[in-house]
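S.K.: Build the 3D model from these lines:
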Amino acid sequence: MAVKVYGWAISPFVSRVLLCLEEAGVDYELVPMSRATADHRHPDHLARNVPVLEDGQLTLFESRAIARHVLRKYKPELLGASSLEQSAMVDMWVEVEAHQLQPPAGAIAVECIVAPVLQGRERNQAAIDENVEKLKKVLEVYEARLSQSKYLAGDVLSLADLSHFTIMHYFMATEYATLVKALPHVDAWWEGLAARPAAKKVAEFMPLGSGVPE
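M.R.: This next block holds a predicted model:
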């Protein structure tokens, strides 16, 4: 039985799950939702707390937890399974993405893309400026790290890198993508990540004119 994923694929959280499934070569079924028809408010979907993955008798929510499960079961090398040290590095950089990069990058994407497209309001430039300053500092840490290794957790691709793709996909569609372009090692890392076949396939689910779901 195919793995099932519930949610709207343009969400960076749902697409994080899809990217890991694609990288692991897992057969899955996406059970789509439509914001226009308020599927996300339907009791069945509220009970699931999307994004949700159903894998046999197991039901999971929270995109990073789902990503870890998918890779632990289907492609453990992407979790640094070869050593405790490697897996610790993967875990650390997943946490950095969740708590340091995603908040400012996501906030900028929301103001630049979601606000005019989905919310019908003007962007909050003060919020953008505040988060640009935060993101600059975070990206300096990434530049230092990526000057020492090809990927965040070492010299091989891992969830530490994959977890960044979907929010960065939207951020890089804003004019503030220049923050990344100004850092040669971060830029090369991003270009390599975005060029992966799995990333290209998932990006097709994330048309930039549709906005980023809240």
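S.K.: Every contact and neighbour count from this point should use C-alpha atoms.
M.R.: Fine.
S.K.: count of residues packed around Leu30?
M.R.: As a burial measure, Leu30 scores 16 neighbours (other C-alpha atoms under 10 Å).
S.K.: residue contacts, Asn124?
M.R.: Asn124 sits next to Glu111 when contact means C-alpha atoms under 8 Å, 6 or more residues apart in numbering.
S.K.: Repeat the analysis, applying 10 Å as the threshold.
M.R.: Ile108, Val110, Glu111, Cys112, Ala115 (C-alpha atoms under 10 Å, 6 or more residues apart in numbering).
S.K.: would CSV of those with neighbour count, pLDDT and secondary structure be doable?
M.R.: Output for those, formatted as CSV (neighbours: other C-alpha atoms under 10 Å; pLDDT from 0 to 100; DSSP: H, G, I helix; E, B strand; the rest coil):
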residue, neighbour count, pLDDT, secondary structure
Ile108, 27, 97, helix
Val110, 24, 94, helix
Glu111, 21, 96, helix
Cys112, 24, 95, helix
Ala115, 18, 87, helix
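S.K.: a markdown table please, covering these and showing distance to Ala127.
M.R.: Shown next, in a markdown table, are the contacts of Asn124 (distance: C-alpha to C-alpha, whole Å):
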| residue | distance to Ala127 |
| --- | --- |
| Ile108 | 8 |
| Val110 | 10 |
| Glu111 | 8 |
| Cys112 | 11 |
| Ala115 | 12 |
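S.K.: Closest one of those to Tyr74?
M.R.: Val110 (32.7 Å; C-alpha to C-alpha).
S.K.: so that closest one makes contact with Ile128?
M.R.: Yes: counting by C-alpha atoms under 10 Å, Val110 does reach Ile128; the two are 9.2 Å apart.
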